Structures are given as C-alpha cells and as structure tokens.
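Participant: How does the following fold in three dimensions:
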Amino acid sequence: MTELDSIVQNLESRGHRVTPARRAVVGAVLGRPGHFTVDDVLREEPGAGRATVFRTMRLLCDLGILCRVILEDGSLHYRLSQRGHHHHLVCVSCGSVRDMDDCVVDDLVRELSRQTEYDIEGHWLEFYGRCRRCRPSGEGQRQ
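Facilitator: The predicted model follows:
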C-alpha cells in the first residue's frame with residue numbers, strides 16, 4: 001500500500017469523504033520537498049478549490065501528517081511531519097526549517113496550567129535565528 005493510499009484509508013476510516021480533488025491535494029502534499037504554502041499546492045493542483053485545499057491541510061495536520069510553520073514574516077507554511085508534537089527552528093535568512101527534538105517548554109506549560117487553572121490542550125512555538133550557513137563566520141560560536 002502506498003503512503004497516499006494509507007492516508008486516504010485513514011481519512012475514510014474517520015468518516016471523511018475523499019473526493020478526487022482531496023486525493024490530488026494529498027498526493028501533491030506528499031510530493032513537496034521542504035516547506036510550502038496553500039498557494040503552492042493550488043498552483044500544482046489548479047482543479048482543487050481553495051476551500052478543499054485548506055480543509056485537507058487542516059485534516060492532515062490533525063492526523064500528524066503535516067505540521068504548520070510560521071515564518072518570521074508571519075506567513076503560514078506547512079511541511080511533512082515525521083513525528084508528533086515538536087517545535088521548529090526557522091532561519092530568517094534562507095528560510096530553512098529544522099525540527100527540534102525536544103519540547104523545551106513542558107515544565108513551563110505545566111506551571112502555567114497550575115497557576116492559571118487552565119487545562120492547556122496545546123501550544124505552538126517557533127524559534128527564529130540564523131542557521132550555521134547564514135550567520136557571519138565566527139558569530140554565535142560557543143566557546
């Protein structure tokens with residue numbers, strides 16, 4: 001079974017209709033390298049309506065297949081996700097995005113929940129800076 005077929009089966013088993021347009025969007029997303037926008041997918045699949053693309057992207061995020069990335073300019077991008085909850089390091093120069101291995105704010109979230117008596121269901125965190133390739137030579141190097 002292909003990855004596309006597996007995702008389609010997952011969507012159908014959760015009661016979502018998989019129209020030819022939705023299937024095309026999933027296929028387009030699976031073929032995208034790096035991060036991309038809804039408009040990138042629309043250009044690749046012009047037959048899919050904007051609402052279909054947005055809804056499909058949301059479903060794929062809910063399933064953990066995609067993750068959202070907000071670039072420094074505030075634009076929303078997506079990328080394939082290989083695992084569950086995680087955060088990103090975003091280079092403000094070249095736009096590269098790197099997954100962080102650990103959630104560094106778990107303790108903060110627990111404390112915030114305790115202090116505010118909020119049942120916190122999730123959070124989203126991006127770190128912005130310059131990657132090793134983009135920062136000037138010698139800048140930010142640890143001693």
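Participant: Give me the residues contacting the longest helix that the chain contains.
Facilitator: Longest helix in the chain, counting residues (DSSP state H): helix 50-62. With contact meaning Cβ atoms under 8 Å, 6 or more residues apart in numbering, helix 50-62 is reached by 7, 11, 16, 19, 21-22, 25-26, 29, 38, 41-42, 45, 48, 66-68, 78. In short, each C-beta sits where N, CA and C put it, glycine included.
Participant: Would you mind listing the buried residues in stretch 77-94?
Facilitator: For stretch 77-94, burial by neighbour count (16 or more other Cβ atoms under 10 Å) applies to His77, Tyr78, Arg79, Leu80, Ser81, His87, His88, Val90, Cys91.
Participant: what's across from the most centrally placed residue in the chain in the sheet?
Facilitator: For the chain, the residue nearest the mean C-alpha position is Cys67 (1.8 Å; Cα atoms, centre = their mean). Cys67 forms beta bridges with Arg79, as assigned by DSSP bridges.
Participant: Look up how far Leu11 lies from it.
Facilitator: As judged by Cβ to Cβ, to the nearest Å, Cys67 and Leu11 stand 17 Å apart.
Participant: Which pLDDT value belongs to Ser13?
Facilitator: Among the per-residue scores, Ser13 shows a pLDDT of 93.
Participant: That one: neighbour count?
Facilitator: When neighbours are defined as other Cβ atoms under 10 Å, Ser13 has 8 of them.
Participant: So it versus Glu44, what's the distance?
Facilitator: As judged by Cβ to Cβ, Ser13 and Glu44 stand 26 Å apart.
Participant: What of Arg130?
Facilitator: Distance of Arg130 to Glu44, given as Cβ to Cβ: 30 Å.
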